[in-house]
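[1] Got a sequence here, can you build the structure:
(2 chains)
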Protein chains: 2
Amino acid sequence: MRAPALLLIDEPAAGGTAGFVEAPHDAPVVRAMNFAVTRGDGIFETVGVHDGVPHDVEPHLDRFELSARMLELPEPSRDAYRAAIARAVELINEDGTPPTAFVKCIMTRGVEGTDAGPTGWVYAGLYPDMTPVRTTPARMVTLTSGFALGIGAEAPWLLLGAKTLSYATNMAAKREAVRRGADEALLITTDGYVLEGPQSNLLVRHGDRIVTPAPDGGLLHGTAQRAAYDFFSSQGLSTEYGHVPVASLADADGIWITNSVQLVRPIGWIDGNEIPFDADLTAGLVDYLVRRPDGS
Amino acid sequence: MRAPALLLIDEPAAGGTAGFVEAPHDAPVVRAMNFAVTRGDGIFETVGVHDGVPHDVEPHLDRFELSARMLELPEPSRDAYRAAIARAVELINEDGTPPTAFVKCIMTRGVEGTDAGPTGWVYAGLYPDMTPVRTTPARMVTLTSGFALGIGAEAPWLLLGAKTLSYATNMAAKREAVRRGADEALLITTDGYVLEGPQSNLLVRHGDRIVTPAPDGGLLHGTAQRAAYDFFSSQGLSTEYGHVPVASLADADGIWITNSVQLVRPIGWIDGNEIPFDADLTAGLVDYLVRRPDGS
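    All right, here's what the predicted structure looks like:
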């Protein structure tokens, strides 16, 4: 059994260079009054590691910095996080390359009642075999996010589009989907548009056109989604971002969700409607996402 | 300098009785993959300790249990939390009674990737002198919550009314209020009703009537707010819960916010409107809330 890896980001006093130190993966390393614990007040990224190679490290670090700005956190020490990710991947590959692993990067506002500044760490762990998830059509239900489209631009304090540690409602939406007999939840707006899954982006096919809800609508711009667009373009499909009405899902010619670890999951059923499943196209997409040369 | 106190809830294997163990307050006690850290997936309560006496322990534990049900967490070991709160108060009082302290109770879903079950702890710390906050009229601005009134009942996965660890947007709303030159934020609905502050409840006076936004509208039922109602009733004012239009705030005869540690803060200005400040009534309210005999 391969052990996970934990690397603590070491933010020095002013003038020094940030680095990292290795720690036992199951050691308690977070204080009870860390803002991550008491307020979910921090940010994260999850880098997928496929056949031993971390994918999209720089886009993840870009989004990490964007989330930090949205939460008014200090700028993450990008070099330290990048080096820690590389070392975490080395450690997780040490006993042979696992097919799927993840590297989670976290930065928090620090510890309440101290001036010690932000805390951060990088954690690498294994995932089970994702092949069944990537190739078997799943069932999805829509759930309201409670928000109207575009509220994020009007009310930046809602932090829509930031990847924060405050994910309790995302986890509750996942449980609600399972309670309704589905595998996945899809969050929608009160005015009838599609947003995203609690941990995924949505891609909808109509004919030769693939559309994904626009990131400016109050959601995350997915790294795996962008890679999927490269694949679909290579297959002669057109790709675009737009406002996707919930009503347009029922007669879709294909639906997929993407995230960095699963990479892709086809949807074969949504809110009672069967969705066509193209096994060959999906297999090609999975193969591309796992192996694409620009994955590191 | 008095040290804070930290007590870890000890959940035994099936059949045993939960207890607690004392730990150094600044020791790292939380694992990097605890759901509190990775997902803000847990619940909390903050008990106010005034002149050495913890207030409203049982109502706080009631709400803790309600939050656990809303998040589908196991039922907290109430006796263990109650005993840990009592011990935390003993410890914080050891070197003489501080005027204001807090006891924060946390329970999380446990550690991702393990079946170890929930983790919890109780942390007691000191607050600075709250007298100026309780007696000086503050400035408040309204900020949209992004939600319409009543969405919580329709969409329980939004966890409105649960006291979760996912408070990043609450903290962002507080920063936005300060950016706008105010001391406090007040969250309102998209359809023009008042909800609550990021960490407080609102009480509005019109003539001899005090109204607080109804807890069924998607907000927390405050423990200090309920105690304030007892005081206002004793002063011959009528108290009620209702739907409070934002438009009704401008001509209020008095506005206060309440929470367990501050207890009460008078509001003298909201969104550009001066609000009358009754210094005597406020002083009486503060005195009642600090000293009320049913505080423990």
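[2] which stretches of the stretch 51-200 of chain A form strands?
    With DSSP state E, counting those that start in this stretch, the ranges of strands along the stretch 51-200 of chain A come out as A:53-54, A:100-108, A:119-126, A:138-144, A:184-188, A:194-196.
[3] from the chain's centre, how far out does the fifth one sit?
    Between the centre of strand A:184-188 and the centre of its host chain there is 14 Å, according to Cα atoms, centre = their mean, to the nearest Å.
[4] helices or strands next to that strand in the packing?
    strand A:138-144, helix A:168-179, strand A:194-196, strand A:263-270 (3 or more Cβ pairs under 8 Å, 6 or more residues apart in numbering or on different chains; DSSP states H and E). In this view, the C-beta of every residue, glycine as well, is placed from N, C-alpha and C.
[5] Dump these to JSON lines, plus mean pLDDT and mean neighbour count.
    Listed next are the helices and strands packed on strand A:184-188 as JSON lines, based on pLDDT from 0 to 100; neighbours: other Cβ atoms under 10 Å in any protein chain shown:
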{"stretch": "strand A:138-144", "mean pLDDT": "98", "mean neighbour count": "20"}
{"stretch": "helix A:168-179", "mean pLDDT": "98", "mean neighbour count": "20"}
{"stretch": "strand A:194-196", "mean pLDDT": "95", "mean neighbour count": "25"}
{"stretch": "strand A:263-270", "mean pLDDT": "98", "mean neighbour count": "23"}
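[6] Kindly reformat the ones you listed as a markdown table containing distance to chain B.
    Output for those, formatted as a markdown table (distance: least, Cβ to the nearest Cβ, whole Å):
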| stretch | distance to chain B |
| --- | --- |
| strand A:138-144 | 5 |
| helix A:168-179 | 4 |
| strand A:194-196 | 12 |
| strand A:263-270 | 17 |
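[7] so residue A:57 makes contact with residue A:47?
    Yes: in this structure, residue A:57 is within contact of residue A:47 by Cβ atoms under 8 Å, at 6.0 Å.
[8] more neighbours, the two?
    residue A:47 (26 against 22; other Cβ atoms under 10 Å in any protein chain shown).
[9] roughly how far apart are the one residue in chain A that gets nearest to chain B and residue B:79?
    Of all residues in chain A, residue A:40 sits closest to chain B, at 2.8 Å by Cβ to the nearest Cβ. From residue A:40 across to residue B:79, the span is 28 Å (Cβ to Cβ, to the nearest Å).
[10] and what of residue A:88?
    For residue A:88, the distance to residue B:79 - Cβ to Cβ - is 41 Å.
[11] Same question for residue A:17.
    In terms of Cβ to Cβ, residue A:17 sits 50 Å off from residue B:79.
[12] returning to what we had before: reformat the helices and strands packed on strand A:184-188 as CSV; add distance to residue B:209.
    Converted to CSV, the helices and strands packed on strand A:184-188 look like this (distance: least, Cβ to Cβ, whole Å):
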stretch, distance to residue B:209
strand A:138-144, 34
helix A:168-179, 35
strand A:194-196, 41
strand A:263-270, 49
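[13] Please name whichever of those is nearest to residue B:263.
    helix A:168-179 (27.4 Å; Cβ to Cβ).
[14] Run through who's touching that closest one.
    With contact meaning Cβ atoms under 8 Å, 6 or more residues apart in numbering or on different chains, helix A:168-179 is reached by A:40, A:140-141, A:143, A:183-185, A:187, A:198-199, B:35, B:39-42, B:71-72, B:156-159, B:164-166.
[15] hey, C-alpha coordinates of that helix in CSV?
    Taking Å, rounded to 0.1, in the frame of the first residue of the first chain, the C-alpha atoms of helix A:168-179 are listed here in CSV:
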residue,chain,number,x,y,z
ALA,A,168,-20.3,22.3,2.6
THR,A,169,-23.2,23.1,0.3
ASN,A,170,-21.4,21.3,-2.7
MET,A,171,-21.1,18.2,-0.5
ALA,A,172,-24.8,18.5,0.5
ALA,A,173,-25.8,18.8,-3.2
LYS,A,174,-23.9,15.6,-3.9
ARG,A,175,-25.8,13.8,-1.1
GLU,A,176,-29.1,15.1,-2.4
ALA,A,177,-28.4,13.8,-5.9
VAL,A,178,-27.7,10.3,-4.5
ARG,A,179,-30.8,10.5,-2.4
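[16] just how off-centre is it within its chain?
    16 Å.
[17] can you check stretch A:122-129 too?
    Centroid separation for stretch A:122-129 versus its chain: 14 Å, with Cα atoms, centre = their mean.
[18] List the buried residues for that stretch?
    For stretch A:122-129, the neighbour count (16 or more other Cβ atoms under 10 Å in any protein chain shown) marks A:122-127 as buried.
[19] The residue nearest to residue A:214 when sequence neighbours are not counted: what secondary structure?
    Excluding the flanking residues, the one nearest residue A:214 by Cβ to Cβ, 6 or more residues apart in numbering or on different chains is residue A:241, at 4.1 Å. Three-state call for residue A:241 (DSSP: H, G, I helix; E, B strand; the rest coil): strand.
[20] so residue A:241 bridges to which residues?
    Beta-bridge partners recorded for residue A:241 (DSSP bridges): residue A:212.
[21] Touching, it and residue A:204? I think so.
    No: with contact defined as Cβ under 8 Å, residue A:241 does not count as touching residue A:204 (11.4 Å).
[22] Could you list the low-confidence segments of chain A?
    Applying pLDDT under 70 to chain A flags residues A:1, A:13-15, A:217-219, A:293-296.
[23] Show me the helices in it, by range?
    A:35-39, A:57-70, A:78-92, A:131-135, A:151-154, A:168-179, A:223-234, A:279-291 (DSSP state H).
[24] quick one, domains of chain A?
    By the assignment in automatic domain parsing, chain A contains the domains A:5-127, A:132-295.
[25] The nearest residue to residue A:77 once chain neighbours are set aside: what's it in contact with?
    Take residue A:77 and drop its neighbours on the chain: the residue closest to it by Cβ to Cβ, 6+ apart is residue A:18, 3.4 Å away. Going by Cβ under 8 Å, 6+ apart, residue A:18 touches A:9-12, A:77, A:79-80.
[26] For residue A:18, grab phi and psi.
    Main-chain torsions, residue A:18, degrees, to the nearest 10: phi -70, psi 140.
[27] hey, what's in contact with both of residue A:241 and residue A:204?
    A:211-212.
[28] These two: who's more crowded?
    residue A:204 (22 against 15).
[29] Wait, that one touches residue A:251, no?
    No: when contacts are counted by Cβ under 8 Å, residue A:204 is not listed as touching residue A:251 (10.3 Å).
[30] What's the separation between the closest residue to residue A:153 other than its chain neighbours and residue B:167?
    Spatial nearest neighbour of residue A:153, excluding adjacent residues (Cβ to Cβ, 6+ apart): residue A:216 at 6.9 Å. To residue B:167, residue A:216 is 25 Å away according to Cβ to Cβ.
[31] Who has more neighbours out of these two?
    A direct count of neighbours by other Cβ under 10 Å for residue A:216 and residue B:167 places residue B:167 higher, at 24 against 15.
[32] Leaving aside the residues adjacent along the chain, what's closest to that one?
    residue A:39 (4.2 Å).
[33] Would you mind confirming that that neighbour makes contact with residue B:165?
    Yes: checked against Cβ under 8 Å, the pair residue A:39 and residue B:165 is within contact range at 6.9 Å.
[34] what residues do these two have in common as contacts?
    Common neighbours of residue A:39 and residue B:165 (Cβ under 8 Å, 6+ apart) are A:166, B:40.
[35] What number of residues are in the vicinity of residue A:97?
    Neighbours around residue A:97, by other Cβ under 10 Å: 14.
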